[in-house]
Every structure is written in structure tokens, then in C-alpha cells.
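> after the sequence you'll find the predicted model.
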Amino acid sequence: MKKLLFLFCLFLSSLVHAQTDSLKIAASEIFKDEKFKTTLLFAKEDTNGDIFTVRNYYSSVSNPKGYYIEHYSKDLKLLKRTEVEVNRNEIKGLFLTEDSVVLLQFQYNYKAKEYAFATLTSSKENFNFSEKEIYALDRNRINKYDHFGIRSEPEYNLHHNYNFGDIVESENGEFTALNLFTKTKKGSALLVIAFNKNLEKLYEYEFENIISLNEAENKSLQLQYFNMVIDNEGKIYFLGRVFNDKIVLEKKNAPNYYFILFSADKVSKKQQPISIMSNNIIRSLQLINNADKLAAVGLYTDPSTTGFFDNYMGYSGVVRFNLDLKSLATSSESFQPFSEKFMIEKYGKVKEKLKSSLSYRNTFMLENGDVIINSEEFWMDGSGDYVNANRIYKDIISCRISGNGELVWAKNINKKQNAWSLDNIPFLSYASTTKNNVSYYFMNAASDLKILKNNDVEFKEGPRLYLLKMYETGTFRYEKILYPDIYNAQLGLRFGVLLNKSDILVQAESNKKPMLVKLYF
């Protein structure tokens, strides 16, 4: 009776917000004739509401075949389709101009013995793509790359020598930048290349002695690369961390590292250490920006709560640095601990810190400068190269940090999902977005939810679609989505793609055949 009363109260309170954030859904027809397995890679919506997509198709995850390039109307009616085969090449991005579709392709040119980026460009009206090489480099400058066409997410774990950092686009769509890890006489480097909206090169720089996070455990002292952003003027920023000696986060209850902020434009490049006053240990840090703001946000732990055996585990709260776009100087610093309420929500009792293995899913900077950090407890149980592994997706950890560094709210969403089969991965994890100061999370779960001792709910693996909401006040609501057109479909939320900052496009599966679904407000 108590559980029924609790759920009824949640239902009544959700009606208060129904008029302001009602979900809308558009669904395509089911592609009954497709023979291969597919997943959604990229999607863009133009000013007319038409949607262009890239989906990869494969006979098995390790045996990619090619890509479907598709054009849909705003109500997801398929207008046209063409294919690009995988042959020492893969699609790395999708861009739209007023009248053209542009694909960014990475490829190996066998005769020239070089890797190259090329554009494949076509008019929107008639798919007929022409290729143009925009950048090439000798094959000896990067580690051998032979995983063309295979998704790069960590669940697949087939990219043992993954050379790419980020491909980023400015908020106004005028600039794009990419980076990849290269080899030089002095060691490793990060090559950064910036382009205009037509993917014509504007500038490039090579930053020495930088390695990816995946390589950090196997390399001598160098700078760890974290992530990169680009502003509306075409200026790039990226973040790295340098350890003082061994790759250990702390020594004698103090940080054993420092962070460096890099920037570059077509005139020059520069770097600036991030000034940090606190002795708290920063576990992870990500750059995020909008039109006129740049910040680094992440998670930290209090060194007084850290023992010898948990040096790489545990989070005490959130950290934010506001950074000057021109000087790169730190204008403010904030470390905010998780509340007792959050810990009780997570563990049923107060604990010193969150002991989890977290992966970032996405971060959002709102118009007022607030930042939403979305992460998930994720790990793989297996041996060797983890090709045969149980991929485990547990609780969602979401935080909202104000522009001045205050922790507005932190929420632990209880869930349990796992997959041994790579074919099940798209339906696990979650997709998230923000709109009108509300954070939205979509997940698949069982029809019957488990009510925990603290009256919270736990979402267990299942086929039903749920919408979860976090309001600016910290109020949490959820609802089961029973929409006729997708009732028998399971949505591939792990690979959901944002359209126009807030809408989400996903590939779904109905009777083992694919379809596309748009979720919007």
C-alpha cells in the first residue's frame, strides 16, 4: 500500500509540469528490406526541418560493410539513400551547408602510403558525392590504423591504437577542428587542424609530448590529453594534465600533477597552467564552452578520504574553473562536495565519497552559464582484450553546477543493465538532453520498477521507454512512454544523436528490423 501511494503521489506531481515539457515523437517506417545490422552514427537537421543521417551497416561488429547516407523529411519519411562502402576508409563526420551535404572521411591511400582526410560532397537534392582530399600525412606519422568502419566507443574495445582525440564544431557552425595523435622524433604529439565551414584548412599546429588517456599507463612522463572545444571565432582550446614524476594522482595528501590549458588560432598558439589553490585531488576534468564562456568542470576527491588502495577510485564532489578566453587565466575556482541527501540517495546512508567507476556521457552549458555533467557507472568484466566481456551499465550520476561554481543539485538515478552480446549495447545506457532549464534522460527499463528502502526507484533492464526529468529546483520526475508508433520498438539510446541542441534522434528496432525515432519537446 505504501509503495502504491508513493507512485500515485509522483504521478500527481508530474501533472503540474505536463503543459511545459510534453514529449513529442516522430517515427519512420520500419526498414523491412535491410539485410545487415545497423547503428546510427551521425545526424543533422537543416533549416527546413529535413534530417540527414549516416548509419553504419555490418555483418558483424568486426566486419563492417559500409554506410547508408540518408535524407528524411521532417516527419521522418525517407526521401533518398545512397551507400558508401568500407575499403580502408570510414566516415568521421556529417556537415550541412545551405544546399549541400558534406561527409568527412578518413582513409588510407595505399599507393601513396599515407593517411588522409577527404570530403565527400553532394547537393541535398540529388545524392551524387564527389571526393576532395583536404589533408594528408605520411603513414609513419601515426600508429598503424586498421579498424576502419568499427565504432570507437570503449564497449567495442577493438581500437588498441586509436589515433583520434576529438572532432568538434563551433556553436555557430562556422568552424570545425580535429586532432589526432602523431609520432615525432621527440616522441608523441597532438596534431590540431582547424577548418572553415566548407572544410577548407585554416591552420594547423603540432603540440609535442602529448598522449591520449588510453596510453597513459604505458608511457613515460608526458602530458595527458583530455578534450578539445572550438569557439565561434575558430579558436581552439584543449586541456591536458602533467604528472610531476610517476603517474600517481597524489603524494602526501597533495596533487602530484598540474593542468595546462592550450589555445590556438590562425595567428599563434599559447599555453597556460591552470592555477589551483585547493589540495583536493581532481579525478577528471572536461572543457566546455558557449558563445562567450569557457569553463573546466569535473569531479574531485578529498585527499583525507583516500587510502593507498583506492588512488584511482572515489569522488567527493564537483569542481569548476571559469577561464578567461583571451589570457587563459583562471578567474574563479570552486570545489563543492556531494550532499548527505545525495549519498543517502546512492547508498541508503551517509558516506564520505562516491566509490564508482564513472564514464562521462555528455556535458551541457546552458545560456546562463550553468553546466550539466552527465556520467554513468560503467565497466567491463572480462580478460585479455575484453572482446568477450560483460559490459555493465549502472547508475546515472548527474550534476548541475551554477556559473559561479555552486552545486545546484546532484542526482543518483538507480539502474542496472548489462550486455555480453555486442548486439545488445545500443539498447542500454541512456540518452540525455536539456531544454528550458530542464534536464531530460531517456532509458529502456522493465515495466515493473523496484522501490528501494529510501522510497527511491530502481530501473532494471527491459524494453519499455522511460522519460526522466530533473528540474532547476532539483525536483525529479519520471514517466513511462506508451506511444502507439513505438510501443513494440526498442530504442537504441546508447547511440542517440542530438539535433539542434535539444532533440534526440535514435535508431530503434521492431521485430529485429530498424527504424528511426525522433524525441523532441
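Here it is on my side, so go on. The model shown is predicted, which means the values in this text are computed figures rather than measured ones.
> low-scoring stretches of the stretch 51-200 of the chain, by residue?
157-163 (pLDDT under 70).
> again, 50 this time
Per-residue confidence of the stretch 51-200 of the chain (counting by pLDDT under 50) places the weak regions at 159.
> residue ranges of the strands in it, please?
Remark: strands assigned in the stretch 51-200 of the chain by DSSP state E, counting those that start in this stretch are 51-60, 63-72, 78-85, 89-96, 100-109, 114-123, 130-138, 164-169, 175-184, 187-196.
> right, and those strands - which one's nearest Q271?
Taking C-beta to C-beta as the criterion, strand 187-196 is the member of the strands of the stretch 51-200 of the chain that comes nearest to Q271, at 11.9 Å. (Glycine included, C-beta is placed from N, CA and C.)
> buried set for the following helix or strand past the closest one?
Sequence order places strand 201-208 as the next helix or strand after strand 187-196, per DSSP states H and E. Buried residues in strand 201-208, counting neighbours by 16 or more other C-beta atoms under 10 Å, are found at Y203, E204, Y205, F207.
> kindly report the same for stretch 271-285.
Neighbour-count burial for stretch 271-285 flags Q272, I274, I276, N280, I281, I282, R283, S284, L285 (criterion: 16+ other C-beta under 10 Å).
> how long is it end to end?
One end of stretch 271-285 sits 17 Å from the other (C-alpha to C-alpha, to the nearest Å).
> ok, residues contacting it?
Identification of contacts with stretch 271-285 by C-beta atoms under 8 Å, 6 or more residues apart in numbering yields 226, 239, 241, 249-250, 253-255, 258-263, 296-303, 306, 312, 314-316, 319, 321, 323, 327-330, 333, 335, 358, 360.
> now that stretch, how far from the centre of its chain.
In this view, stretch 271-285 has its centroid 23 Å away from the chain centroid, taken as C-alpha atoms, centre = their mean, to the nearest Å.
> likewise stretch 422-431?
Computed by C-alpha atoms, centre = their mean, the chain-centroid distance of stretch 422-431 equals 14 Å.
> rounded mean pLDDT for it, please.
Summarised as a single mean, pLDDT over stretch 422-431 is 94.
> can you give me the buried ones in stretch 76-89?
For stretch 76-89, a neighbour-count test (16+ other C-beta under 10 Å) marks L76, V84, V86, N89 as buried.
> once you drop chain neighbours, what's closest to the third one?
This points to V86. Nearest non-adjacent residue to V86, counting by C-beta to C-beta, 6 or more residues apart in numbering: G149, 3.8 Å away.
> E125: neighbouring residues, count only.
Residues lying near E125 (other C-beta atoms under 10 Å) number 12.
> how about it, phi and psi?
With angles defined as degrees, to the nearest 10, E125 sits at phi -80, psi -30.
> about what we covered before: mind putting the buried residues of stretch 76-89 into CSV with distance to Q507?
Below are these laid out as CSV (distance: C-beta to C-beta, whole Å):
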residue, distance to Q507
L76, 12
V84, 18
V86, 18
N89, 22
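> which of those residues lies closest to V457?
For these, the closest approach to V457 (C-beta to C-beta) belongs to L76, at 31.7 Å.
> tell me who's in contact with the closest one.
If you count contacts by C-beta under 8 Å, 6+ apart, L76 has them with A26, A27, S28, I51, L516, V517, K518.
> redo that, cut-off 10 Å
By C-beta atoms under 10 Å, 6 or more residues apart in numbering, the contact set of L76 is I25, A26, A27, S28, E29, I51, L505, M515, L516, V517, K518.
> isn't L428 right up against E461?
Yes. Between L428 and E461 there is a contact under C-beta atoms under 10 Å: 7.3 Å.
> who's more crowded, these two?
Under the criterion of other C-beta under 10 Å, the comparison of L428 against E461 puts L428 first, with 22 against 17.
> skipping adjacent residues, who's closest to that one in space?
That would be Q417: by C-beta to C-beta, 6+ apart, it lies 4.4 Å from L428.
> next one: W379
Nearest to W379 is S357, by C-beta to C-beta, 6+ apart, at 4.7 Å.
> quick one: that neighbour from D395, how far?
Between S357 and D395 the computed distance is 11 Å (C-beta to C-beta, to the nearest Å).
> mutual contacts of those two, please.
E376, E377, F378.
> what helix or strand does the nearest residue to K270 once chain neighbours are set aside sit in?
Among residues not flanking K270 along the chain, S263 sits closest, at 5.6 Å (C-beta to C-beta, 6+ apart). Using DSSP H and E, S263 maps to strand 257-264.
> that strand - contacts with which helices or strands?
strand 187-196, strand 201-208, strand 223-230, strand 236-243, strand 269-273, strand 281-289, strand 294-301, strand 317-323 (3 or more C-beta pairs under 10 Å, 6 or more residues apart in numbering; DSSP states H and E).
> right, and these - which one's nearest S123?
Per C-beta to C-beta, nearest to S123 of the helices and strands packed on strand 257-264: strand 187-196, 19.5 Å.
> buried residues in the closest one?
For strand 187-196, burial by neighbour count (16+ other C-beta under 10 Å) applies to S188, A189, L190, L191, V192, I193, A194, F195.
> again, but for stretch 231-243
D231, G234, K235, I236, Y237, F238, L239, G240, R241, F243.
> mind checking how far that stretch is from the chain centre?
The answer for stretch 231-243 is 17 Å, by C-alpha atoms, centre = their mean.
> equivalent analysis for stretch 117-124, please.
Averaging C-alpha positions (C-alpha atoms, centre = their mean) puts stretch 117-124 25 Å from its chain's average.
> ok, now how distant is the closest residue to A116 other than its chain neighbours from Q107?
Leaving aside its sequence neighbours, A116 sits nearest to A136 (C-beta to C-beta, 6+ apart; 4.0 Å). Per C-beta to C-beta, A136 is found 10 Å from Q107.
> so for the two, which residues contact both of them?
Both A136 and Q107 are in contact with E114, Y115, A116, F117, A118, where contact means C-beta under 10 Å, 6+ apart.
> going by distance to G369, which of those residues wins?
The closest of these to G369 turns out to be F117 (C-beta to C-beta; 34.0 Å).
> what about the closest residue to that closest one other than its chain neighbours, how many neighbours?
Distances taken as C-beta to C-beta, 6+ apart put Y135 closest to F117, at 4.5 Å, once the chain neighbours are dropped. Residues near Y135, counting by other C-beta under 10 Å, number 16.
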